[in-house]
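Q: test case, fold it:
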Amino acid sequence: MTLQISDKFIWDFWHFVEAGRQHLFFLQADRAIGNPDLRHWNVSIGHAVSSDLRAWTPLGTVFGPSAGPAWDDYTTWTGSVIKAEGGYHLFYTGTSRAENGMRQRIGHAVAASIDGPWTRVGTGLALDLDERFYEEHAEGRWHDRALRDPWVLPEKIDGMYHMFFTARRNDGPLYERGVIGHAVSPDLMQWEATAPVYEGGHYGQLEVPQVFEREGRWYCVFCNVAPHWSEQMRAEHDGGVSGTHYLVADHPLGPWQPAPGFLDGDIPCRRYAGKILRDPVTGKDSLMAFEDTGVDGQFVGRICDPIPLRLENGLYRVDDLLARK
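A: Presented below is the predicted three-dimensional model:
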């Protein structure tokens, strides 16, 4: 019942629900490439629908890199979809061949229907890096420039739309620089970067953020791997695990702090890039993630069924028995 496509590796995904129809948009690459590590550079965006988050109908490829020389002619990576301003908006990560994929930027496409077709807004470029707040690519730092995984809230706060994204700050130890970046827009078209909403200090990067509210509290789900934890965090958590965790706050603009423990992690990584979604079958929150390392040590490349969660005293817990299946 997992979302699996026989001739594709699939991994990071984002969710949209409308009229009881559950939509997943996801990164995909042809299994014909052989080595799954090459999937990031042979990527497009797929789409599948379901009524229950379990039985899926794949709808094929809906978006991909620009055909000609462009800022996003190499990759189109993780993003989010919202309905606002009279249409549907896809925000995504792009890189260019001219820069060998080393500098990430955030793009924007629109559609009249959630089923597409998706058309870039102008060149597609929505947000570039602002060095006042975020780390530029340079020798001796990370291998790339982080400005990716945009998550846009569909409702305005204080008259502005808010975007959250994966980034790193300019200073501090390498594995303490990971932040949740932030940008604002009055109309979804013109974006301005601001200071991070989470200043970091715990991880080298916080990938694929998902920001939402439950029972008056805000949650920012993210994923990372144990080698990218700060020295202090690894020392406090037996070397760390790889998987999905979350930050908590009383307001979407922070201050944010990591929740105690770690939501869903393992060594080697079993599931990654999780999202907390409302299960239409149970009416309760669940965790979905892509399956990473299988029992044979190979990359799996499919998306798991919903795993039940418990929300107690403002904190999420995974049903450990079901999570091991």
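Q: the nearest residue to residue 214 once chain neighbours are set aside: what secondary structure?
A: Excluding the flanking residues, the one nearest residue 214 by C-beta to C-beta, 6 or more residues apart in numbering is residue 311, at 6.5 Å. (C-beta placed from N, C-alpha, C; glycine too.) Here residue 311 is recorded as strand under DSSP: H, G, I helix; E, B strand; the rest coil.
Q: mind listing what the residue nearest the centre of the chain touches?
A: Taking C-alpha atoms, centre = their mean as the criterion, residue 208 is the residue nearest the geometric centre of the chain, at 2.2 Å. Residue 208 makes contact with 12, 78, 149, 166, 221-223, 273, according to C-beta atoms under 8 Å, 6 or more residues apart in numbering.
Q: residue 227 looks like it's in a helix, true?
A: Yes - the assignment for residue 227 (three-state DSSP) places it in a helix.
Q: what is the neighbour count of it?
A: A count of nearby residues for residue 227, using other C-beta atoms under 10 Å, gives 11.
Q: can you check the pLDDT for it?
A: For residue 227, the pLDDT comes out at 96.
Q: cool, the one 5 residues further on as well?
A: Reading off the per-residue confidence, residue 232 sits at a pLDDT of 94.
Q: next one: residue 321
A: So, for residue 321, pLDDT stands at 48.
Q: can you give the contact residues for stretch 168-175?
A: With C-beta under 8 Å, 6+ apart as the test, stretch 168-175 has contacts from 131, 133-135, 141-142, 146, 177-179, 196, 199-201, 203-205, 228-231.
Q: returning to what we had before: contact partners for the residue nearest to residue 214?
A: By C-beta under 8 Å, 6+ apart, the contact set of residue 311 is 214-215, 285, 317.
Q: bridge partners for it, pull those for me.
A: According to DSSP bridges, the partner residues bridging residue 311 are residue 316.
Q: how close does it get to residue 317?
A: According to C-beta to C-beta, to the nearest Å, residue 311 and residue 317 sit 8 Å apart.
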